[in-house]
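Colleague: Just a sequence and a predicted model for now, questions to come.
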Amino acid sequence: MKKVGIIRCLQTEDICPGSMDFKVTANGTLGFESTGPVEIVGFVSCGGCPGKRAVARAKMMVDRGAEIIAFASCISKGNPIGYACPFFEEIKSAVIRKVGPEIEILDYTH
């Protein structure tokens, strides 16, 4: 079973406990259809706007065994508030540069 680290939006953590993220990782559904069920090794926030802490936190999760970094849907799709992160593409690019090409990146969880 592959291991995943999930990065979520700090602005939505007070209205979303991440229940759906945990469900789809365990079932290997929605954003995890390509990977199958995965084990979560970290579930962290981006650190707040503009999300610069996401880079170091992604590396920390990779150092702890994550083979996949997934951006929670609150960042990339705006779930549940309907407002996606305006910094998503920049954060994603910076994370890819930091963790390297061998780490799989998922744009959303559900």
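Modeller: Noted; the coordinates are in hand.
Colleague: ok, now which ones touch residue 4?
Modeller: 25, 32, 35, 38-41, 66-70, 106 (C-beta atoms under 8 Å, 6 or more residues apart in numbering). All C-beta atoms are positioned from the backbone trio N, CA, C, and that covers glycine.
Colleague: My impression was that it belongs to a helix - is that right?
Modeller: No: with DSSP: H, G, I helix; E, B strand; the rest coil as the criterion, residue 4 is strand rather than part of a helix.
Colleague: who does the most centrally placed residue in the chain bridge with?
Modeller: By C-alpha atoms, centre = their mean, the chain has its centre lying nearest to residue 71, at 2.6 Å. The bridge-partner assignment for residue 71, based on DSSP bridges, gives residue 7.
Colleague: pLDDT at it, what is it?
Modeller: On pLDDT, residue 71 comes in at 98.
Colleague: correct me, but it touches residue 84?
Modeller: No: no contact is recorded between residue 71 and residue 84 when judged using C-beta atoms under 8 Å, the distance being 10.2 Å.
Colleague: What residues of stretch 30-44 count as buried?
Modeller: For stretch 30-44, a neighbour-count test (16 or more other C-beta atoms under 10 Å) marks 31-32, 35, 38, 40-44 as buried.
Colleague: TSV please, covering those and showing distance to residue 57 and secondary structure.
Modeller: Supplementary listing: the buried residues of stretch 30-44 in TSV, determined by distance: C-beta to C-beta, whole Å; DSSP: H, G, I helix; E, B strand; the rest coil:
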residue	distance to residue 57	secondary structure
31	19	helix
32	20	helix
35	20	coil
38	18	coil
40	14	strand
41	12	strand
42	8	strand
43	10	strand
44	5	strand
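Colleague: which of those sit farthest apart?
Modeller: Every pair in the buried residues of stretch 30-44 was compared (C-beta to C-beta); the two farthest apart turn out to be 35 and 44, at 19.1 Å.
Colleague: mind listing what's buried in stretch 75-89?
Modeller: Neighbour counts using 16+ other C-beta under 10 Å place 75-77, 79, 84-85, 87-88 of stretch 75-89 among the buried residues.
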